[in-house]
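Novice: Need the 3D shape of this:
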Amino acid sequence: MSAFIVAPETMQAVVTALVAMDKLYQDVGVSSCAAADKLGQDLYRMNHAAYNARYPDMAGEHNFESESFEWNLKGNGDISQDGKMCRLKAVQCLMYQCQVGDVAETWHEYRTLETAEKRLMQEIIDELPGYKAAPWD
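Specialist: Numbering: from 1, shown residues only. A predicted model of the protein is given here:
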């Protein structure tokens, strides 16, 4: 299994997904842009911890994006089915990169991503015409 540091666009989509989830469920704690910035920074720290666990000899060779991460809704506010799918894929990408070492078991941010993944999948499924047309009886 390889690991990499996710692209800034991917992290923007992940944080947008978590901000949207917090607006619905109020369980992420993202009440401001500053809180969203901190969430992205913490997620990058988790990503780096997984990367360093996978490649301990290369620790510190990447620019540490976490300190400079700033959330930007522009371009990430698409609430369409395609926008949700893009955010879901971004969440899953980050989760996959963080399944190294003990990151998935020890970082609470990983559990937040698991919750976001499940909720996004359910939202996407709920909007599918075939699901809407399926009997409920």
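Novice: Show me which residues of the longest helix belonging to the chain are buried.
Specialist: For the chain, the helix that runs over the most residues, judged by DSSP state H, is helix 33-54. Within helix 33-54, the residues that qualify as buried are 36-52, 54, counting by 16 or more other CB atoms under 10 Å. (Glycine included, C-beta is placed from N, CA and C.)
Novice: Show the low-confidence segments of this protein, by residue range.
Specialist: 24-29, 60-67, 74-81 (pLDDT under 70).
Novice: 80 - rerun?
Specialist: 1-2, 22-32, 59-67, 73-82 (pLDDT under 80).
Novice: Give me the distance between L88 and V14.
Specialist: For L88, the distance to V14 (CB to CB, to the nearest Å) stands at 10 Å.
Novice: repeat for E117
Specialist: On the measure of CB to CB, E117 and V14 end up 10 Å apart.
Novice: could you measure the closest residue to S2 other than its chain neighbours against D42, distance?
Specialist: Counting by CB to CB, 6 or more residues apart in numbering, S2 lies nearest to R54, which is 7.2 Å off, once chain neighbours are set aside. If you measure R54 against D42 using CB to CB, the figure is 19 Å.
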